[in-house]
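Colleague: for reference, the sequence and a predicted model appear below.
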Number of protein chains: 2
Amino acid sequence: MKTRDRILDVSLRLFNEEGEAHTTTIDIANELDISPGNLYYHFKGKDQIIAELFEQFQLALGQTLKAPVEQPLHQVFDSVEDNWYYLYVVLEELYQYRFLYHNLDDLLRRYPKLKRSFRRLIDGKREALTAIIESVLEDASRPPTQVQLSALIENMTLQLTYWLNYDRLLHDEQDAEMSIHQGVLQLLTMVAPYLGEDQIDFYRQCEAIFEGMLKAKK
Amino acid sequence: MKTRDRILDVSLRLFNEEGEAHTTTIDIANELDISPGNLYYHFKGKDQIIAELFEQFQLALGQTLKAPVEQPLHQVFDSVEDNWYYLYVVLEELYQYRFLYHNLDDLLRRYPKLKRSFRRLIDGKREALTAIIESVLEDASRPPTQVQLSALIENMTLQLTYWLNYDRLLHDEQDAEMSIHQGVLQLLTMVAPYLGEDQIDFYRQCEAIFEGMLKAKK
DNA sequence: GTCTATATTTAGATAGAC
DNA sequence: GTCTATCTAAATATAGAC
C-alpha cells in the first residue's frame, strides 16, 4: 500500500476517533511512523487530505442514494427487509466519514465550497427517502396528506443526517452496528402509523430484524 | 452595564454569528473597544466565558423544560396553540445559544464536564415532550403502541436538538423566527397521524398558526 | 521518497505601568 | 479597571540533506 493512501486511511481513522480539529499533521505522521516532511511531500497540507476524504465520501454516498430512485419500484425495494438493509448501508457510509458531521460549522467555515456538496447530498437523501416511502405507502390504508408526506420526508432526512451525532451525544463509545440498527428502527417507526392494518405486521417484522441483529452479535 | 456583562453579551453574539472556534479573545476585545489585557482581568480566559454562557443556557432551558412536567395536565397545555407556543419558546432558547451545538464534538472534547449537562438537558426534553404528547394523545382515536410512543418521543427529542443545525445547513442566513416556526410545525407533524378523526382539524390549526406567523412578519 | 531541522503564524495568556 | 507590551505554546508549513 502506497504511503499516500496510507496517509488517507490513517487520517480518516484519527479524524473519526480523535476529532479532526484535535488531530494535527504531526499526529498523523507519528501514527504512520513517517516524518511530517514526508507527509507534506504527499499532501500540500491537512486541507488537501480533508478535501480528498470528502471526495471519497461524496462519491460513495452519492452513488448509494441514487439506487432507490433509479431502481424500478417493487423490484428491489419491496419488502421491509430490503428497506431495512438499504437504510443500514446508508447509515454505515455516514458512519465511516462521521468526522465530517462532528464539527460541521467549523468545517464549512474553513471550506465554504463543501456547503454546496453537503446540500446536494441532503437532496439525494430526500429523493431516496421519497422513493422508498412512496413504494412502502403505495397500498397504505391511511395514506398521509400531501403536507404530511413532505413533512414526514423532511423529518426523516433530518433524522438520517443527525442520528449518528445524536446517538453519540447520548452514549459515546456505543457499538457502531447497534447504533446504526437503532437508527434504522427509528426511521421506519416514522412511517409505521400510516400503515394501518398492516401496522402490527410491519412492527413485528422490524422488531424481528432488530432482535435478529442483536442475536447475531453474540 | 458592567464590562464583565458586556463581555458575556458580545461573546455570545460573536460565537453565534462567527463561530466559537473562529472567535478569539482579541476579536471579543476589539468588538468591545477594550484591550485583551482588560478582558483577561475579568475572565481567566475563553474557557471561563464559555463556561458561564453555558451555565446561563442550562439554567434557562432547564427551567423551561420543567414546565410541562410540573403543570397539572390540561390546565395550561390543552390546546394546539399552547403547545405551539411552548415549543416555540424552547427552540428560541436553543437558538439564543446555538453556538454550543455548532461544533459540539470539539466543544465536548475541550470541556468534557459539559457532557453530563448536555445529557441532562436531553433527558429534560424527553420528559417535556412525553408530558405534552400524553396530554395531546389522551383521547386519540388511534393511539400509538408503547414501542411506537417511545420511538416517537425519541425522534422528537432528536428533532428538537438538531432542527436548528439542519435548517442552518440547508439555508444559512435564514430568518430565525421563520426557522423556529417551521421547526415547531415539523415537530407537531410527527404527532398528527395518531390523531385520527381530529387530524384534519389539527392540521388546519397548525397551518393557521403558521400562516398567521407569516403574515405577522410582513 | 524520506528525513531532520527550522521557520512562520496565530491564538492564548501574563506583567507591570497608569 | 484598563492599557501597552510581551511571552508562550502549538500547529502549519518549508528548506535542504540523504
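Modeller: Okay, I see it. Numbers count the residues shown, from 1 in each chain, chains lettered A, B, ... in the order given.
Colleague: figure out the helix or strand that residue A:165 lives in.
Modeller: helix A:146-170 (DSSP states H and E).
Colleague: again, but for residue A:93
Modeller: In the assignment (DSSP H and E), residue A:93 maps to helix A:80-96.
Colleague: tell me, how many residues neighbour the residue in chain A positioned nearest to DNA strand C?
Modeller: Residue nearest to DNA strand C within chain A: residue A:37 (2.3 Å; C-beta to the nearest atom of the strand). C-betas here are computed from N, CA, C, even on glycine. Around residue A:37 sit 8 other residues, with neighbours defined as other C-beta atoms under 10 Å in any protein chain shown.
Colleague: the nearest residue to residue A:195 once chain neighbours are set aside - how many residues pack around it?
Modeller: Setting aside the residues directly before and after it, residue A:195 is nearest to residue A:202 in space (C-beta to C-beta, 6 or more residues apart in numbering or on different chains), at 5.1 Å. Burial of residue A:202 is recorded as 19 neighbouring residues (other C-beta under 10 Å).
Colleague: pretty sure residue A:140 contacts residue A:197?
Modeller: No - if you go by C-beta atoms under 8 Å, residue A:140 and residue A:197 don't touch, sitting 9.6 Å apart.
Colleague: between the two, who's got more neighbours?
Modeller: Ranked by neighbour count (other C-beta under 10 Å), residue A:140 and residue A:197 place residue A:140 first, with 17 against 10.
Colleague: can you tell me how far residue A:4 is from residue B:50?
Modeller: Counting by C-beta to C-beta, to the nearest Å, the separation of residue A:4 from residue B:50 is 38 Å.
Colleague: so which of the two has more stuff around it?
Modeller: The neighbour count for residue A:4 versus residue B:50, taken as other C-beta under 10 Å, is higher for residue B:50 (21 against 13).
Colleague: the residue nearest in space to the middle of chain A: what's it in contact with?
Modeller: In chain A, the residue lying closest to the centroid (C-alpha atoms, centre = their mean) is residue A:94, at 2.7 Å. Residues near residue A:94 by C-beta atoms under 8 Å, 6 or more residues apart in numbering or on different chains: A:61, A:101, A:160, A:161, A:164.
Colleague: residue A:111 too?
Modeller: Contacts of residue A:111 (C-beta under 8 Å, 6+ apart): A:47, A:50, A:51, A:54.
Colleague: could you find the closest non-adjacent residue to residue A:190?
Modeller: Residue A:190's closest residue in space is residue A:156 (C-beta to C-beta, 6+ apart), at 5.8 Å.
Colleague: residues in contact with that neighbour?
Modeller: With contact set as C-beta under 8 Å, 6+ apart, residue A:156 has these partners: A:129, A:133, A:187, A:190.
Colleague: and those residues as TSV, adding pLDDT, neighbour count and distance to residue A:170?
Modeller: Converted to TSV, those look like this (pLDDT from 0 to 100; neighbours: other C-beta atoms under 10 Å in any protein chain shown; distance: C-beta to C-beta, whole Å):
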residue	pLDDT	neighbour count	distance to residue A:170
A:129	97	25	23
A:133	93	21	26
A:187	96	23	17
A:190	94	21	19
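Colleague: give me the pLDDT value at the residue nearest to residue A:190.
Modeller: As predicted, residue A:156 sits at a pLDDT of 98.
Colleague: in the contacts of residue A:94, find the pair that's most separated.
Modeller: In the contacts of residue A:94, two members sit farther apart than any others by C-beta to C-beta. They are A:61 and A:164, at 13.0 Å.
Colleague: what is the neighbour count of the closest residue to residue A:169 other than its chain neighbours?
Modeller: Closest residue in space to residue A:169, ignoring its immediate chain neighbours: residue B:118 at 6.4 Å, by C-beta to C-beta, 6+ apart. Per other C-beta under 10 Å, the neighbour tally for residue B:118 reads 19.
Colleague: any idea which element residue B:118 lies in?
Modeller: Following DSSP H and E, one finds residue B:118 within helix B:114-136.
Colleague: which residues touch that helix?
Modeller: A:169-170, A:172, B:54, B:58, B:61-62, B:65-69, B:73-74, B:77-78, B:83, B:86, B:90, B:104, B:107-108, B:149, B:152-154, B:156-157, B:160-161, B:191, B:195.
Colleague: hmm, 7 Å instead?
Modeller: A:169-170, B:54, B:58, B:61-62, B:65, B:68-69, B:73-74, B:77, B:83, B:107-108, B:152-153, B:156-157, B:160-161, B:191 (C-beta atoms under 7 Å, 6 or more residues apart in numbering or on different chains).
Colleague: show the backbone phi and psi for residue A:21.
Modeller: Here is the backbone geometry of residue A:21 (degrees, to the nearest 10): phi -60, psi -30.
Colleague: so it sits right up against residue B:107, yeah?
Modeller: No - Residue A:21 is not in contact with residue B:107 according to C-beta atoms under 7 Å; the separation is 10.0 Å.
Colleague: ok, back up a step: scan the contacts of residue A:94 and report the most crowded one.
Modeller: Going by other C-beta under 10 Å, residue A:160 tops these with 23 neighbours.
Colleague: what's the nearest residue to that residue if we skip its chain neighbours?
Modeller: According to C-beta to C-beta, 6+ apart, the nearest residue to residue A:160 is residue A:125 (5.3 Å).
Colleague: pretty sure residue A:53 sits against residue A:8.
Modeller: Yes - using C-beta under 7 Å, residue A:53 is in contact with residue A:8, at 6.4 Å.
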